[in-house]
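Trainee: Any chance you can model this:
(one chain, ligands or ions: 1)
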Amino acid sequence: LPIAVLVSGGGSNLQSIIDTIEEGVLDAEIKLVVSNRARAFGLERARNHGIPTLVLSHKDYRTREDFDRAMVKAIHDHGVSAPHGAVVMAGFMRIVTHELLAAFPDRVLNIHPALLPSFPGVHGQGDAADYGVKISGCTVHFVDEEMDHGPVIIQAAVPCNAGEDGDELGPRILKLEHRVFPQAINWLAQDRLEIQGRHVHLKVAGI
Ligand code: GRF
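Mentor: This is a model prediction of the structure:
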């Protein structure tokens, strides 16, 4: 599965994808890592593994659509396109538009550090901790035009302890992210995900 990975920050999810590929467990190839921030450590992780990188600063584009068009062009230029290629948002802190989604229909994945539809947005871990829920977790989903909203592929749960804040809960959720995101991408690589409305069915392997 040829993929482009979009990052904005530390890139630990990117690292888990790289490692799973190198272990021979995930049947994907990262053709390009795009960051909207030049200082994102994810870029360095990519370079360390010889993966092409690109910085596209959203500040250089007038609209989200202009930014996405430039990103799609770069992704296409690196050999990732629909229907076979996919785009993986791994801590990419930008809302994407129709420009990206139309170029990759049902081929864009995102990971969110909460059990959607609870606690969407940029502070999923902290919002869940502050709310006082007893269970939170992470969600991998197909991306649609609403933020943190598309059909759910996989979720994993962690218990929350009373009095904890997002800084304490976050790392435990992140650990789970590193397990479920490569799993979800592998299912896509194996062509095992079937979307029916809001429901994602996992087809049996080999059929
Ligand atoms: C993760 O918690 C992800 O769910 C969220 O941003 C964080 C990114 O972490 N969207 P990293 O850059 O992969 O380390």
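Trainee: residues making contact with the strand or helix carrying T20?
Mentor: Using DSSP states H and E, T20 falls within helix 12-22. For helix 12-22, the surrounding residues in contact (CB atoms under 8 Å, 6 or more residues apart in numbering) are 5, 7, 26, 28-30, 33, 42, 45-46, 49, 51, 88, 90-91, 111, 174, 177-179, 181-182, 185-186. (Each C-beta comes from the backbone N, C-alpha and C, glycine too.)
Trainee: Ignoring the adjacent residues along the chain, who's closest to the residue of the chain found nearest the ligand?
Mentor: Closest contact between the chain and the ligand, by CB to the nearest ligand atom, is at G91 (2.6 Å). Excluding the flanking residues, the one nearest G91 by CB to CB, 6 or more residues apart in numbering is G9, at 5.0 Å.
Trainee: R37 is in contact with that neighbour, correct?
Mentor: Yes: under the criterion of CB atoms under 8 Å, G9 makes contact with R37 at 7.4 Å.
Trainee: Return the residues of the chain in contact with the ligand.
Mentor: Of all the residues in the chain, those in contact range of the ligand (CB under 6 Å from any ligand atom) are 7, 9-13, 42, 90-91, 111-113, 174, 177.
Trainee: how far off helix 12-22 does whichever helix in the chain runs longest point, in degrees?
Mentor: If you go by DSSP state H, the chain has its longest helix at helix 166-189. Following axes from the mean of the first three to the mean of the last three CA atoms, to 10 degrees, one obtains 40 degrees for the angle between helix 166-189 and helix 12-22.
Trainee: which strands and helices sit next to helix 166-189?
Mentor: Using 3 or more CB pairs under 8 Å, 6 or more residues apart in numbering; DSSP states H and E as the contact test, the elements touching helix 166-189 are helix 12-22, strand 86-89, strand 108-112, helix 124-131, strand 135-142, strand 152-159.
Trainee: hmm, try it at 10 Å
Mentor: strand 2-7, helix 12-22, strand 86-89, strand 108-112, helix 124-131, strand 135-142, strand 152-159, strand 199-202 (3 or more CB pairs under 10 Å, 6 or more residues apart in numbering; DSSP states H and E).
Trainee: Touching, the residue of the chain closest to the ligand and G170? I think so.
Mentor: No: judged on CB atoms under 10 Å, G91 makes no contact with G170 at a distance of 11.9 Å.
Trainee: Now do the helix holding T20, average pLDDT.
Mentor: In this model, helix 12-22 has a mean pLDDT of 98.
Trainee: Specify the angle between it and strand 108-112 in degrees.
Mentor: Between helix 12-22 and strand 108-112, the angle comes out at 120 degrees (the same axes, to 10 degrees).
Trainee: Start the count at 14 instead of 1 going forward.
Mentor: Fine by me, first position is 14 from now on; the one you just mentioned is helix 25-35.
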